[in-house]
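**Student:** quick one, structure for this:
(2 chains)
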Amino acid sequence: MIFDVAVIGGGVVGGLTARELTRYKLSVIILEKADDVAGGASRANSAIVHGGFDPLPGTLKAKLNAKGTAMMAKLAEELDVHYRNNGSMVLAFGDEQDEKVRELYDRGIKNGIPGLSVISGDEARRLEPALSDTVTSALLCTSSGIVCPYDLNIAAVGNAMDNGAQLKCNFEVTDIKSVGDHYVITNGQERVEARYIVNAAGLYCDTIAAMLGDKYTITAKKGEYMLFDRSEGDMVDRTIFQVPTKAGKGILITPTVDGNLLIGPTSEKTDKDDCSTTLDGLDLTKATALKSSGKLNFRKIITSFCGLRSACEESEDFIIRMSDNSPRCLELIGIDSPGLSSSPAIALYAVELLSEAGLVLERNEEFVPTRVSARRFEKLSADEKNAIIAKDPAFGHLVCRCETITEGEILQAIRQNPPARSLDAVKRRTRAGMGRCQGGFCSPFVTELIAKELGIPETDVTKFGGNSKLLVGKTK
Amino acid sequence: MLSYDLVIVGGGPAGMAAAVSAHDNGTENILIIERDDSLGGILRQCIHNGFGLHRFGEELTGPEYAARYRKMVMERNIPFVCNTMVLSIEDTDNGKVVTAMNSDRGVFTLDAQAIVLAMGCRERPRGALNIPGTRPAGIYTAGTAQRYVNIKGMMPGKNIVILGSGDIGLIMARRMTLEGANVKAVCELMPYSGGLNRNIVQCLKDFNIPLLLSHTVAQIHGNERVTGVTIAEVDEKFRVIPEKSQYIECDTLLLSCGLLPENELTQAAGIDLDMITGGASVNQNRQTSKNGIFSAGNVLHVHDLVDYVSEEAELAGRSASEYIKRGAVDKKIVKTVSVGKAGGIRYTVPQRIDIYDENDDVKVYFRVGAVMNDVTLTVKADGEVVSGQKKRKMAPGEMEYAVVKKAVLDTMPDAIDIEIVK
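**Tutor:** Numbers count the residues shown, from 1 in each chain, chains lettered A, B, ... in the order given. Here you go, the predicted structure:
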């Protein structure tokens, strides 16, 4: 068959764009090179829904950030994704930075951002008692929030699939050819045909653009993070930024929607496949975060990780436009920060541009905007839990003790769209293995469940697809 | 709501021993709650021998040791429930309430007069160690690898580097070798091993596996599966010395870098914890800061030998039973003294001694912070040395104890100190 639209890239932007397209009577396919969606920049970032005071007025970033952030609460509710409007602060340390805070305030007003005010250091410490004595002033923003980025990403793809979109994983696009009224997309073995293409390939959008005849250069920027135990999650209530300086953009401290505390990121150019943390990066993260608050308890770190942002050499702004050389292909280039915050608005804008380019939009009356996530059992009351356990005893069997995740939730994650096929895929959907023991106790059991559900030997279960096999064979 | 005299959280060696001892002291309305599918706890996967020398006077494997206690539980018809997770413990004005969940009963609550906490411990994961590098498959804690090999019969890897020389790491070095894997090195950050000496000899030396002291893993390599690690010597501040690093090809990194008592339930119940042990702060009867809630085994502090876990849990079970027999009230305390520590002692268990009208000898267990040679272990009451004992060697890997005599406690001292003197 020839699909109406092929979305290349199963990140948060690709996922939300596909979901937006399923509102219409269109056949949609998502092509993802990895074993699971949410594997690139959408997996590891600061998880912030930015207020929108930072982008320069008039840019696409400014426009889409403000709009996307305003859309996030409703979207998160529809998709059963954790979101919290916790607000943020940008801290200044000294006169020069006080000036910068006022500049950010002015910029935010120009961008039309609600809920901004400049407060004194004392006022900042009154609102957030963990802040350092050296804070001299702060920009307070009440309209920003936090969201779980891979949760949003997975829910978007899942909802798109529930509404008829197809997902093809392990499909790395190696060539695209225009054949009359449609394109033939191949990974070297298989072909997928589509009339329209959305290039949402994140870090590799330049590679895809080159296949469409367009030249962009994307470089990877590494950001290292450290995550603290849930016991530290209420150290701050808001997301705490630092004023960007010549030395760097500063390190943020933020609670996460799951109740952990996150610090980071560093920012360093690197290779597109380099997702390694470094001793220097982790040391810098610690030292810089300590400037905002001396209360960080580094003994409570449960993991550190690295995310890659896709920075475009040609433009600091997002580039979102139809390709010059392939007129039915939409390019989404350089979607770095505030990409997550903007993603709901980017999806709407993408559909608008595709429509202008000739894609016929006819309402899909059967579209269901809502989805129930695999990860919500813990929050239910005892009576609600018991009603579910009575129907399905698997929900009474606790598998991940740190995050209190049951066998029922894990089976749901393996069975519902988009199906989880690896240990990390289960982890991202349910949080099993994300707690303080980092999967030490539950991973053998989750491995067993995956093998049973997929009908494969346990030795074929992977951490995240490809050759990331967990076991090498049987004992003697 | 179901009502029990004693609820025991955890059916490992500590929970079973506490149950048996409470029963033998006259408490019969007991329930043991176990999260796994049978009693035995982590001993079920410890198929090596060396268990039971103190307790039974013979060498047993972990499952054999567990089976002995399981038999004692069965002989006494002590009720237990498996595949059941305790979600919370509350100490209310109307008594103690335990909330648990399983597939048969869903979420349910139990009344208890007394509770023994026996949840055991977990291993410190890679993330908590902040080892730089990639995040591929092939990084396991030693205990997880042990479960794969001994319970599931699966090999987690073939070419192995182990970080940390804790006992489980040493045991797994031998176990993986016996299964045909190539264990290339065991790196230990400290200048001494945290494991038992007998394990260093029997698990490493006997198999020619190098133990590299003052070494750590500086970087993990490999995108999908581990392809190698960079190991390096560290300076006295534990910082990597880049000139003294080397790359080792391997497909697996096992971590044996410490055990952490699992006290989330304890903490949520509002019980005071000792920051050093990570367990509850207890008196000599293993009663926590809340009357009628006791703690024993690796959830209280990490033990070297299961024999000591049993001994401690028997004490906790007996204390719980006596508490119940008194009508759920504490014994009349004349005064409470906290146990002072000096001369390199990191922690003591118990942390406090309750002095009564009539006292018993109190064994105070402790660990030292560094290796020490030719020292004297002294007990002081009100600043005066009341007993002393020469020690040729003490090491952080071996738990030690000092005895505070009944006669000393009967003098109603205001201060008790355990001190190591050179």
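**Student:** give me the element the residue in the stretch 1-150 of chain B that chain A sits nearest to is part of.
**Tutor:** Nearest residue of the stretch 1-150 of chain B to chain A, counting by CB to the nearest CB: residue B:127, 2.8 Å away. Placement of C-beta: from N, CA and C, glycine included. Taking DSSP states H and E as the criterion, residue B:127 maps to helix B:126-129.
**Student:** show me what that helix is packed against.
**Tutor:** Applying 3 or more CB pairs under 8 Å, 6 or more residues apart in numbering or on different chains; DSSP states H and E, one finds that helix B:126-129 contacts strand A:301-312, strand B:252-255.
**Student:** for the helix or strand just after the first one, C-alpha coordinates in CSV please.
**Tutor:** Looking back up the chat, that one is strand A:301-312. Per DSSP H and E, the first helix or strand lying C-terminal to strand A:301-312 is strand A:319-322. Presented in CSV, the C-alpha positions along strand A:319-322 are these (Å, rounded to 0.1, in the frame of the first residue of the first chain):
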residue,chain,number,x,y,z
ILE,A,319,13.7,25.1,10.8
ILE,A,320,10.2,23.9,10.0
ARG,A,321,9.4,24.1,6.3
MET,A,322,8.6,22.1,3.2
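**Student:** list the pairing partners of the helix or strand following strand A:319-322 within its sheet, with orientation.
**Tutor:** For strand A:319-322, the following helix or strand on the C-terminal side (DSSP H and E) is strand A:329-333. Applying DSSP bridges, strand A:329-333 is found paired with strand A:191-199 (parallel), strand A:319-322 (antiparallel).
**Student:** circling back: CSV please, covering the helices and strands packed on helix B:126-129 and showing distance to residue B:42, mean pLDDT and mean neighbour count.
**Tutor:** Converted to CSV, the helices and strands packed on helix B:126-129 look like this (distance: least, CB to CB, whole Å; pLDDT from 0 to 100; neighbours: other CB atoms under 10 Å in any protein chain shown):
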stretch, distance to residue B:42, mean pLDDT, mean neighbour count
strand A:301-312, 21, 93, 22
strand B:252-255, 16, 97, 27
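**Student:** dump the ones you listed into TSV; add distance to residue A:238 as well.
**Tutor:** Below are those laid out as TSV (distance: least, CB to CB, whole Å):
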stretch	distance to residue A:238
strand A:301-312	21
strand B:252-255	35
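**Student:** quick one: furthest residue from the center of chain B?
**Tutor:** In chain B, the greatest distance from the average C-alpha position (CA atoms, centre = their mean) is reached by residue B:243, at 37.3 Å.
**Student:** residue A:463 - nearest residue in space that isn't next to it in sequence?
**Tutor:** In this structure, residue A:463 finds its nearest non-sequential neighbour in residue B:137, 3.8 Å apart by CB to CB, 6 or more residues apart in numbering or on different chains.
**Student:** that neighbour and residue B:226, how far apart?
**Tutor:** 7 Å (CB to CB, to the nearest Å).
**Student:** what sits against the residue of the stretch 1-150 of chain B closest to chain A?
**Tutor:** By CB atoms under 8 Å, 6 or more residues apart in numbering or on different chains, the residues touching residue B:127 are A:227, A:301-304, A:438.
**Student:** correct me, but the residue nearest to residue A:463 touches residue A:466?
**Tutor:** No. Applying CB atoms under 8 Å as the test, residue B:137 and residue A:466 come out as separate, 9.5 Å apart.
**Student:** between the two, what contacts are shared?
**Tutor:** residue B:224.
**Student:** okay, these two: which has more neighbours?
**Tutor:** residue B:137 (26 against 15; other CB atoms under 10 Å in any protein chain shown).
**Student:** ok, now which ones touch the more buried one?
**Tutor:** Neighbours of residue B:137 in contact, by CB under 8 Å, 6+ apart: A:462-464, A:468-470, B:224-226.
**Student:** what mean pLDDT does the helix holding residue B:127 get?
**Tutor:** Confidence for helix B:126-129, expressed as mean pLDDT, is 82.
**Student:** for stretch B:219-236, same thing?
**Tutor:** Taken as a whole, stretch B:219-236 carries a mean pLDDT of 96.
**Student:** so residue A:306 sits right up against residue A:222, yeah?
**Tutor:** Yes. Counting by CB under 8 Å, residue A:222 is a contact partner of residue A:306 at 5.7 Å.
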